[in-house]
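S.K.: Show me the folded form of this:
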Amino acid sequence: MALTKNDIADSIYYNTDFPKKDCLKVVENFFDIIKEELIKGNEVMISGFGKWSVRKKGNRNVRNPQTGERMTIDARQVVTFKGAEKLRSEINHGSHNSKGGQIWILRRS
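M.R.: Numbering: from 1, shown residues only. I've put the predicted structure just below:
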């Protein structure tokens, strides 16, 4: 099951004293900021987590595997994410909370 924006907002609510409505606003604003920077062509880097960037892909000639028809896929831009070394290390060697406490991640069943 994927972690959703609502799950993140619920976790912020549970781990802070913020009103639940404000937690969802914070999450929405956070992702809006990232999206706007990517639309402008800027990279977004969060220390210890990773970096999002926009990469340009050129036209590609491909073949439809069902029909064998050759076609061209137009040039486009794609969002890429590269995890920071710290994140990759924590994923490969177990989770670590740098604040020393437990963070509750709440998910709907």
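
S.K.: Now name the helix or strand holding residue 22.
M.R.: Using DSSP states H and E, residue 22 sits within helix 20-39.

S.K.: what is the rounded mean pLDDT of that helix?
M.R.: The average pLDDT within helix 20-39 is 97.

S.K.: show me the residues around the closest residue to residue 44 other than its chain neighbours that make contact.
M.R.: Leaving aside its sequence neighbours, residue 44 sits nearest to residue 52 (CB to CB, 6 or more residues apart in numbering; 4.5 Å). Quick note: C-beta positions are derived from backbone N, CA and C, even for glycine. Contacts here follow CB atoms under 8 Å, 6 or more residues apart in numbering; on that basis residue 52 touches 34, 38, 43, 44, 45, 79, 80, 81.

S.K.: didn't the third one look like it was pressed against residue 51?
M.R.: Yes: between residue 43 and residue 51 there is a contact under CB atoms under 8 Å: 5.8 Å.

S.K.: Helices along the chain, start to end?
M.R.: Counting by DSSP state H, the chain has helices at residues 5-15, 20-39, 85-93.

S.K.: ok now do residue 54, which residues does it touch?
M.R.: Residue 54 neighbours (CB under 8 Å, 6+ apart): 38, 41, 77, 78, 79, 80.

S.K.: that older thread, specify the angle between the helix holding residue 22 and helix 5-15 in degrees.
M.R.: If you take axes from the mean of the first three to the mean of the last three CA atoms, to 10 degrees, helix 20-39 sits at 130 degrees to helix 5-15.

S.K.: Quick one: buried ones out of the contacts of residue 52?
M.R.: Listed as buried from those are 38, 44; burial here means 16 or more other CB atoms under 10 Å.

S.K.: mind putting the contacts of residue 52 in TSV, distance to residue 19 included?
M.R.: Output for the contacts of residue 52, formatted as TSV (distance: CB to CB, whole Å):
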residue	distance to residue 19
34	23
38	29
43	33
44	27
45	30
79	31
80	35
81	31
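
S.K.: so of the contacts of residue 52, which ones are in strands?
M.R.: Judged by DSSP state E, the contacts of residue 52 include 44, 45, 79, 80, 81 as members of strands.

S.K.: Tell me the pLDDT of the fourth one.
M.R.: This points to residue 80. Per-residue confidence at residue 80 stands at 96 (pLDDT).
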